[in-house]
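Undergrad: just need the structure, nothing else, for what follows:
(one chain, ligands or ions: 2)
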Amino acid sequence: MTPMSRQGDNHPNWKGGRYIDSAGYVQVRIGVNRYRREHRVVAEKMIGRPLAPGECVHHLNGCKTDNRPENLEVLGTGAHTLLHWQEGGKEAFQQPDRPNATCHPDRPHHAKGQCKNCYLAAAQKAYRARHPERAKASDKAQKEKNYSKHQERKRERYAELRAAGMSAAEARGLA
Ligand SMILES: [Zn+2]
Ligand SMILES: [Zn+2]
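TA: Ligands and ions are numbered 1, 2, ... in the order given. This next block holds a predicted model:
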């Protein structure tokens, strides 16, 4: 039996539904379409509270899928980074352990606790709120661009109909 499946069997909230994410961590299902990294769930049970934003969970033996409590240690981001630098330089720290996004726990964290979609949407919204006149101007420019594209297509259609032998009046009506 592998350490992973042993952990799974012992896990009090075990319901099935897990996979290894692109960074090599075990994701466990915590609800409909909701996943969390298993080592973070286990670590929170160990310390009896949710992890703070600056806290990372380190795998002592280096195996990212070995989520037995005795293999996990909660460290501050700085201490964790330093440890990996000491162990093997920058390359060993390619995939820092970051929590999933809080807005969509099944998506990777991008910034400010959010996934990339939500973060960019919020950033755009904030930009529009800060610069309403710029937002209005860019909306107007987009509208004009769409309109001129529409006119261009109309001209092309008109030319095609004329080339096919249609009268100018008829082509204008259909273009
Ligand atoms: Zn680590
Ligand atoms: Zn999101």
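
Undergrad: what about A101, how many neighbours?
TA: Using other Cβ atoms under 10 Å, A101 has 21 neighbouring residues. In short, each C-beta sits where N, CA and C put it, glycine included.

Undergrad: how about the one 4 residues further on?
TA: Neighbouring residues of P105 were enumerated by other Cβ under 10 Å; the total is 19.

Undergrad: do the one 10 residues further on as well
TA: The tally of other residues near C115 (other Cβ under 10 Å) stands at 20.

Undergrad: what do you get for I47?
TA: 13.

Undergrad: ok, it to P69 distance?
TA: 10 Å (Cβ to Cβ, to the nearest Å).

Undergrad: let me know the helix or strand that V57 is in.
TA: strand 55-59 (DSSP states H and E).

Undergrad: so what does that strand touch, helix or strand wise?
TA: helix 38-47, strand 72-76, helix 77-88 (3 or more Cβ pairs under 8 Å, 6 or more residues apart in numbering; DSSP states H and E).

Undergrad: what residues does the protein have near ligand 2?
TA: C103, H104, C115, C118 (Cβ under 5 Å from the ion).

Undergrad: now for these: which two are most distant?
TA: H104 and C118 (6.9 Å; Cβ to Cβ).

Undergrad: can you report how many residues lie near K149?
TA: Neighbours of K149 (other Cβ under 10 Å): 10.

Undergrad: hmm, back to that, and the residues of the chain next to ligand 2, which are buried?
TA: C103, H104, C115, C118 (16 or more other Cβ atoms under 10 Å).

Undergrad: which ones among those residues lie within helices?
TA: For those, the ones inside helices are C118, with DSSP state H as the criterion.

Undergrad: packing partners for the lengthiest helix in the chain?
TA: Taking DSSP H as the criterion, the chain has its longest helix at helix 132-163. Counting contacts by 3+ Cβ pairs under 8 Å, 6+ apart, helix 132-163 is packed against helix 116-130, helix 168-174.

Undergrad: which of the residues in the last one are buried?
TA: Buried positions in helix 168-174, judged by neighbour count with 16+ other Cβ under 10 Å: A171.

Undergrad: domains for the chain, by residue range?
TA: 3-99, 131-174 (automatic domain parsing).

Undergrad: let me have those domains in JSON lines, extended by mean pLDDT and distance to Q124.
TA: Listed next are the domains of the chain as JSON lines, based on pLDDT from 0 to 100; distance: least, Cβ to Cβ, whole Å:
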{"stretch": "domain 3-99", "mean pLDDT": "79", "distance to Q124": "23"}
{"stretch": "domain 131-174", "mean pLDDT": "92", "distance to Q124": "9"}
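
Undergrad: most packed of those domains?
TA: The highest mean neighbour count among the domains of the chain belongs to domain 3-99 (a mean of 15), with neighbours defined as mean count of other Cβ atoms under 10 Å.
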